[in-house]
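Undergrad: Give me a 3D structure for the following:
(one chain, ligands or ions: 1)
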Amino acid sequence: MATTPIFNASCSFPSTRGIDCKSYIGLRSNVSKVSVASSRIATSQRRNLVVRASESGNGHAKKLGMSDAECEAAVAAGNVPEAPPVPPKPAAPVGTPIIKPLNLSRRPRRNRASPVTRAAFQETDISPANFVYPLFIHEGEEDTPIGAMPGCYRLGWRHGLVQEVAKARAVGVNSIVLFPKVPEALKNSTGDEAYNDNGLVPRTIRLLKDKYPDLIIYTDVALDPYSSDGHDGIVREDGVIMNDETVHQLCKQAVSQARAGADVVSPSDMMDGRVGAIRSALDAEGFQNVSIMSYTAKYASSFYGPFREALDSNPRFGDKKTYQMNPANYREALIEAREDEAEGADILLVKPGLPYLDIIRLLRDKSPLPIAAYQVSGEYSMIKAGGVLKMIDEEKVMMESLMCLRRAGADIILTYFALQAATCLCGEKR
Ligand code: PBG
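TA: Reported below is the predicted structural model:
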């Protein structure tokens, strides 16, 4: 009887270890308050255990018919009770060479020998609380599948979106980031729809906050979904992306999102000086408590392809190389990070994720701020495609990729896998 509570107590720690989904089973209860709730349960159970163990200790000795002193005396007299014999050495296959063992002072495999030791010495863990779920929304009533992102939809802002958020919350994902598909007719060259208080994003934020006041809503601050040119900033006649004028628009966009109830505004545009400007604009309007997650190191990456299809936001000409970073550059990420820190960013983001683990590690080591990693559309779609073609085990590769982002130093991960991975962490199949 006394052993049962011990077992339960350790099982109620839903620590999120290993990259194999099977080891996560049991996380489901209290997903949102995992550590607090579970440690409380464990403590009360442990207290019970102390009482019961000492009570049952005496009872046990009597049942066997000998007191402790009698047992000791028997052993001292050479009457040792029988235990199972020493197990035989497992046989090696015929033909295995017979050799002298290597003289090794260190055999790291000892600490990996069993599931218990592996779990005990695991350095990184992952939980649904680490995920931010990017969601595509549109004005429609239906959810439209996104061809290049199997399993992702442009969700109807009033129905599909709300259901998806409910599913995510049920498995402990309580943070989302919104990406709007804006009707072509509302786009112009200065992206003015971006700060329409009644536009798709502010309207959606108000709806979600009304239904789920504790949901953490991140927003994207950039002009591309609203720009008839498909660029993150205002494009001059000669193709130059205008920095300071764009920042002026971004400030209005961020304030409009904050007014609707956004918790974290996330400039993804890579204009210079936008974090400081947005901070001042928010503060001037009384939004001191709205956070800024800066896309600090956002690279001009081909991994964004599927996303641009989802939002129909491909640049109408040229590329984004005059504002997004050169994928060949490492030190430059530090320049961006220093600026963002000085300008008041609350979170530094690296994007894409897996191909840029060195940048995540760099920022993690150089900055005390929380680090976010964005596992972007192309990374997601490659894993999905490999899974569909049965070339890889989709679920295992998904969990491994997310664990690796954590190991590199990401506190939070923006991932289209958020719901699927959290479901898996909770020990459930979709
Ligand atoms: C645009 C933006 C992009 C993504 C997030 N915000 C695309 C781009 O910069 O062209 C990409 C996300 C993804 O690929 O998943 N401001």
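
Undergrad: Span of stretch 368-382 from start to end?
TA: End-to-end distance for stretch 368-382, by C-alpha to C-alpha, to the nearest Å: 32 Å.

Undergrad: in that stretch, what's buried?
TA: Judged by neighbour count (16 or more other C-beta atoms under 10 Å), stretch 368-382 contains these buried residues: 369-382. Backbone N, C-alpha and C define where each C-beta goes, glycine included.

Undergrad: and the ligand, which of those residues reach it?
TA: 376, 377 (C-beta under 6 Å from any ligand atom).

Undergrad: List the buried residues in the helix or strand hosting residue 210.
TA: For residue 210, the host element (DSSP states H and E) is helix 200-211. By neighbour count with 16+ other C-beta under 10 Å, helix 200-211 contains the buried residues 200, 201, 202, 203, 204, 205, 207, 208, 209.

Undergrad: Tell me the one among those residues nearest to the ligand.
TA: The shortest approach to the ligand among the buried residues of helix 200-211 belongs to residue 201, at 12.9 Å (C-beta to the nearest ligand atom).

Undergrad: so what's that closest one closest to, chain neighbours aside?
TA: Leaving aside its chain neighbours, residue 201 sits nearest to residue 180 (5.2 Å; criterion: C-beta to C-beta, 6 or more residues apart in numbering).

Undergrad: Bridged to residue 227, which residues?
TA: residue 188 (DSSP bridges).

Undergrad: can you pull out the strands in this protein?
TA: In the chain, the segments counted as strands under DSSP state E are 131-138, 144-145, 153-156, 175-180, 216-221, 234-235, 241-242, 264-267, 291-298, 347-351, 371-375, 412-415.

Undergrad: now the ones you listed as a markdown table including mean pLDDT?
TA: What follows is these, written out as a markdown table (pLDDT from 0 to 100):
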| stretch | mean pLDDT |
| --- | --- |
| strand 131-138 | 98 |
| strand 144-145 | 96 |
| strand 153-156 | 98 |
| strand 175-180 | 98 |
| strand 216-221 | 98 |
| strand 234-235 | 96 |
| strand 241-242 | 97 |
| strand 264-267 | 98 |
| strand 291-298 | 98 |
| strand 347-351 | 98 |
| strand 371-375 | 98 |
| strand 412-415 | 98 |
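
Undergrad: Residue 252: which of the ones you listed is closest?
TA: With C-beta to C-beta as the criterion, residue 252 lies closest to strand 216-221 of the strands of the chain, at 10.1 Å.

Undergrad: follow-up on the earlier one: show me the two of the buried residues of helix 200-211 that sit farthest apart.
TA: Largest pairwise distance in the buried residues of helix 200-211, by C-beta to C-beta, is 15.0 Å, between 200 and 209.

Undergrad: mind listing what the residue nearest to residue 201 touches?
TA: Counting by C-beta atoms under 8 Å, 6 or more residues apart in numbering, residue 180 touches 136, 137, 138, 199, 200, 201, 204, 225, 311.

Undergrad: hmm, 10 Å instead?
TA: Remark: with contacts taken as C-beta atoms under 10 Å, 6 or more residues apart in numbering, residue 180 is in contact with 135-139, 154, 157, 186, 193-194, 199-201, 203-204, 219-220, 225-226, 311, 313.

Undergrad: and if you look at residue 330?
TA: 297, 356, 358, 359, 362.

Undergrad: Can you tell me which of those residues are buried?
TA: Buried members of the contacts of residue 330, counted by 16+ other C-beta under 10 Å: 297, 356, 359, 362.

Undergrad: Dihedrals phi and psi, residue 368?
TA: Here is the backbone geometry of residue 368 (degrees, to the nearest 10): phi -80, psi -10.

Undergrad: returning to what we had before: okay, the strands of the chain in JSON lines with distance to residue 340 next?
TA: Output for the strands of the chain, formatted as JSON lines (distance: least, C-beta to C-beta, whole Å):
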{"stretch": "strand 131-138", "distance to residue 340": "18"}
{"stretch": "strand 144-145", "distance to residue 340": "35"}
{"stretch": "strand 153-156", "distance to residue 340": "31"}
{"stretch": "strand 175-180", "distance to residue 340": "18"}
{"stretch": "strand 216-221", "distance to residue 340": "13"}
{"stretch": "strand 234-235", "distance to residue 340": "22"}
{"stretch": "strand 241-242", "distance to residue 340": "19"}
{"stretch": "strand 264-267", "distance to residue 340": "9"}
{"stretch": "strand 291-298", "distance to residue 340": "4"}
{"stretch": "strand 347-351", "distance to residue 340": "6"}
{"stretch": "strand 371-375", "distance to residue 340": "11"}
{"stretch": "strand 412-415", "distance to residue 340": "16"}
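
Undergrad: Tell me which of the ones you listed lies nearest to residue 341.
TA: Using C-beta to C-beta, the nearest of these to residue 341 is strand 347-351, at 7.5 Å.
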